[in-house]
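>>> model this:
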Amino acid sequence: MLYLITLPIGNLEDITLRALRVLEEVEILLCEDTRVTGKLLGLLEIKNSPKLISFYDEVEREKTGEVLDLLREGKKVGLVSDAGTPLLSDPGWWLVKEVISKGLELEVIPGVSAAIMALELSGLPMDKFCFLGFLPRKGGKRKRIFENYDEKTGTKVIYESAFRIEKTLSDALEFWGDKEMVLCREMTKKYEEVIRGKISEVLKKIKGKMLKGEIVLVVG
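Residues are numbered from 1 along each chain as shown. Predicted coordinates for the structure are as follows:
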């Protein structure tokens, strides 16, 4: 059985009882970064000692065959991201695709999601939304994303690095106009911050600031 296990995005109290139970049962744990996951297991006081295997984007296809063999042997295998929901802007899609195509068992252990939490915090409509994940770094590809989603109805959710946040907001202002938006930073953590306003207003508020941590943008 392959278990997709959602972990907290910051606050350890957001771990679910079901996730704790499965972490105590799995024999193997596929991790974006074994050091990060190992530390988290200690903080969560997991007594189980599963074998930790690195499983990040660059090696996912290479290691998928090995994981499928483990599943065929009846092993309990978990897949986690460093934080939050596996597959959502994180590794795992190719593995899940292969698990399903081979008729192997799959179970999802749900939990907190940064994208959904940001939508809830935003106060913007949630009945229709599109998730754009991390935008391309190259200008041409970024421009096409903004152009393609200009006419799309509904709220847009973007993950972004603190280093590129001003550029992304400037692009959003140029291509989408001065829409209502919310910037959510370090959600569930000690220094959680929510900045609301028009794109131009939020851009002005963060101009020149050294923002840190994980950022989610919600644009109406």
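
>>> ends of stretch 146-163, what's the gap?
Start and end residues of stretch 146-163 are separated by 19 Å (CA to CA, to the nearest Å).

>>> what's the domain layout of this protein?
2-109, 114-219 (automatic domain parsing).

>>> ranking helices and strands of the chain by mean pLDDT, which lands last?
One helix or strand of the chain scores below all others by mean pLDDT, DSSP states H and E: helix 139-148, with a mean of 87.

>>> could you pull out the helices for this protein?
17-25, 34-43, 60-72, 93-101, 114-122, 139-148, 165-176, 199-206 (DSSP state H).

>>> got the contact list for the third one?
Outside helix 60-72, the residues that touch it by CB atoms under 8 Å, 6 or more residues apart in numbering are 1-2, 28, 30, 53, 55, 77, 91-92, 94-95, 98-99, 102, 104-105. Yep, even glycine has a C-beta here, placed from its N, CA and C like the rest.

>>> of all those, which two lie farthest apart?
Distance extremes for these: the farthest pair is P91 and E105 at 19.7 Å, using CB to CB.

>>> more crowded one of the two?
Using other CB atoms under 10 Å, the more surrounded residue of P91 and E105 is P91, with 21 against 12.

>>> the more buried one contacts S54, correct?
No. Between P91 and S54 there is no contact under CB atoms under 8 Å: 10.0 Å.

>>> can you check which residues contact both of those two?
E32.

>>> tell me the confidence at the nearest residue to I199 once chain neighbours are set aside?
Spatially, and ignoring its direct neighbours in sequence, I199 is nearest to L173 (4.6 Å; CB to CB, 6 or more residues apart in numbering). Note for L173: predicted pLDDT of 95.

>>> may I have the phi/psi pair for T6?
In terms of degrees, to the nearest 10, the main-chain angles of T6 are phi -80, psi 130.

>>> tell me the contacts of it?
Residues near T6 by CB under 8 Å, 6+ apart: T16, A19, G84, T85, P86, I109, P110, G111, V112, S113.

>>> would you reformat the residues you listed as CSV and include distance to N48 and neighbour count?
Below are these laid out as CSV (distance: CB to CB, whole Å; neighbours: other CB atoms under 10 Å):
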residue, distance to N48, neighbour count
T16, 16, 16
A19, 12, 21
G84, 21, 23
T85, 21, 24
P86, 19, 24
I109, 15, 21
P110, 20, 12
G111, 18, 17
V112, 22, 20
S113, 25, 17
